[in-house]
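Engineer: what's the 3D shape of this:
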Amino acid sequence: MKAIIITVICSYVFIFVLGSNVGFLFPGVFNKPETSYFGPVYMGFIFLSALIVACTLYIKNCIDKLNKNKES
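Structural biologist: The predicted model follows:
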């Protein structure tokens, strides 16, 4: 659970905080994420990254259980 929360926070920071700075450095090339109409897409990326981490942790736990059963 801790890894998923860290992923959500880091994704949010990279998209909305650092994305704003990139939009400021290159005006006309990038829109600021918070003023863009792609806001729902950006939030989808954040939730998709959390889902990928959750599925990866689940698969890792399943593999660990199989290895533990094989050893005993």
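
Engineer: any weak-confidence spans in this protein?
Structural biologist: 20-36 (pLDDT under 70).

Engineer: longest helix in it, please.
Structural biologist: Assignment by DSSP state H gives helix 39-71 as the longest helix of the chain.

Engineer: and that one, what does it pack onto?
Structural biologist: On a contact count with 3 or more Cβ pairs under 8 Å, 6 or more residues apart in numbering; DSSP states H and E, helix 39-71 meets helix 2-12. Heads up, the C-betas are built off the backbone N, CA and C, glycines and all.

Engineer: what about the helix it packs on, distance to the chain center?
Structural biologist: 6 Å (Cα atoms, centre = their mean, to the nearest Å).

Engineer: ok, the most centrally placed residue in the chain to residue 17 distance?
Structural biologist: In the chain, the residue lying closest to the centroid (Cα atoms, centre = their mean) is residue 49, at 3.4 Å. Using Cβ to Cβ, to the nearest Å, one gets 16 Å for the distance from residue 49 to residue 17.

Engineer: same check, this time on residue 63
Structural biologist: The value you get for residue 63 to residue 17, if Cβ to Cβ is used, is 35 Å.

Engineer: try residue 72
Structural biologist: To residue 17, residue 72 is 47 Å away according to Cβ to Cβ.
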